[in-house]
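Enquirer: requesting a structural model of the entry that follows:
(2 chains)
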Protein chains: 2
Amino acid sequence: MVLLRRLLGDVLRERRRSQGRTLREVSSTARVSLGYLSEVERGQKEASSELLGSICEALDVPMSEVLREVSDNLALAEEVSSVAVDAPVAPSRLEVSNLAA
Amino acid sequence: MVLLRRLLGDVLRERRRSQGRTLREVSSTARVSLGYLSEVERGQKEASSELLGSICEALDVPMSEVLREVSDNLALAEEVSSVAVDAPVAPSRLEVSNLAA
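Expert: Purely as a prediction, here's the structure:
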C-alpha cells in the first residue's frame, strides 16, 4: 500500500529544499519542533491538519498545491503498482526477485 | 485555517453516500471501527495513512482521486478565505460583523 504520509513528506521536503531553507528555519517559522518536521518529511509521522497548515504557511505554499502534487505523485504510484500486479512476469524473473527479497 | 481532515471527511462521506452504502458496511469492509469511520467523516479524527488507504479500498476509489477532490475543494476554500481577507469592507458592514461576532 502506498502511504500518504511518505508522499506528503517527500513533497514538503522538496519544497523546503527548493527554497534553500533548513529544517531549523522552517520548523521555527511553523512553530513545530525540528524533530517533528524531520519525521514528517521522512514519512515517519502523520502530520495533523493543524500542523500541516502551519508547515505550508511557513513554506508560503497553498496547502491545495501541496495536496495536488501529492495526488499527482500518488496517481503515478498507483499506476505503477497496478502494472506490477497485472503484468505477466516470466518465471525466471520471478525467481530472481524472490531470491533477492 | 481550513483543516484538511474536514475536507477529507466530507469527500469520503460523499463518496460513501453516492454509493448508497452505510457506515457499518464500509467500516466492516475497511476493517476499521464504525465509530472511527464516523469520526473521520465528520472531520473529528485524523485518518492515519494506513486506515485512509483501507477506507479508499473499501470504497473502491483510488486514494489519488480522493486527494484530488480534496485539493480542488481546498483550492476553492483558500480562494474564498483570501477574498474575505483582501476585500474592502464598508465601515458600517465591518461594525455590524464586529457586533455579531
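Enquirer: and the angle for the helix ranked longest in chain A with helix B:63-86?
Expert: For chain A, the helix with the greatest residue count under DSSP state H is helix A:63-86. Here helix A:63-86 points in a direction 180 degrees away from that of helix B:63-86 (axes from the mean of the first three to the mean of the last three Cα atoms, to 10 degrees).
Enquirer: just the CA trace of helix A:63-86, in CSV.
Expert: What follows is helix A:63-86, C-alpha atoms only, in CSV (Å, rounded to 0.1, in the frame of the first residue of the first chain):
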residue,chain,number,x,y,z
MET,A,63,-1.9,23.5,1.1
SER,A,64,-4.1,22.8,-2.0
GLU,A,65,-0.9,23.0,-4.2
VAL,A,66,0.9,20.6,-1.9
LEU,A,67,-2.0,18.1,-2.0
ARG,A,68,-2.3,18.4,-5.7
GLU,A,69,1.3,17.4,-6.1
VAL,A,70,0.8,14.6,-3.7
SER,A,71,-2.2,13.4,-5.6
ASP,A,72,-0.4,13.5,-8.9
ASN,A,73,2.5,11.5,-7.4
LEU,A,74,0.1,9.1,-5.8
ALA,A,75,-1.7,8.6,-9.2
LEU,A,76,1.7,7.6,-10.7
ALA,A,77,2.5,5.3,-7.9
GLU,A,78,-1.0,3.6,-8.1
GLU,A,79,-0.4,3.1,-11.8
VAL,A,80,3.0,1.5,-11.3
SER,A,81,1.7,-0.8,-8.6
SER,A,82,-1.3,-1.8,-10.7
VAL,A,83,1.1,-2.6,-13.6
ALA,A,84,3.3,-4.6,-11.2
VAL,A,85,0.3,-6.6,-10.1
ASP,A,86,-1.3,-7.1,-13.5
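Enquirer: buried ones in it, by neighbour count?
Expert: Within helix A:63-86, the residues that count as buried by 16 or more other Cβ atoms under 10 Å in any protein chain shown are A:63-75, A:77. C-beta: built from backbone N, CA, C; applies to glycine.
Enquirer: which among the residues you listed are in contact with chain B?
Expert: Restricting the buried residues of helix A:63-86 to those within reach of chain B (Cβ under 8 Å from any Cβ of the partner chain) leaves A:63-65, A:67-68, A:70-72, A:74-75.
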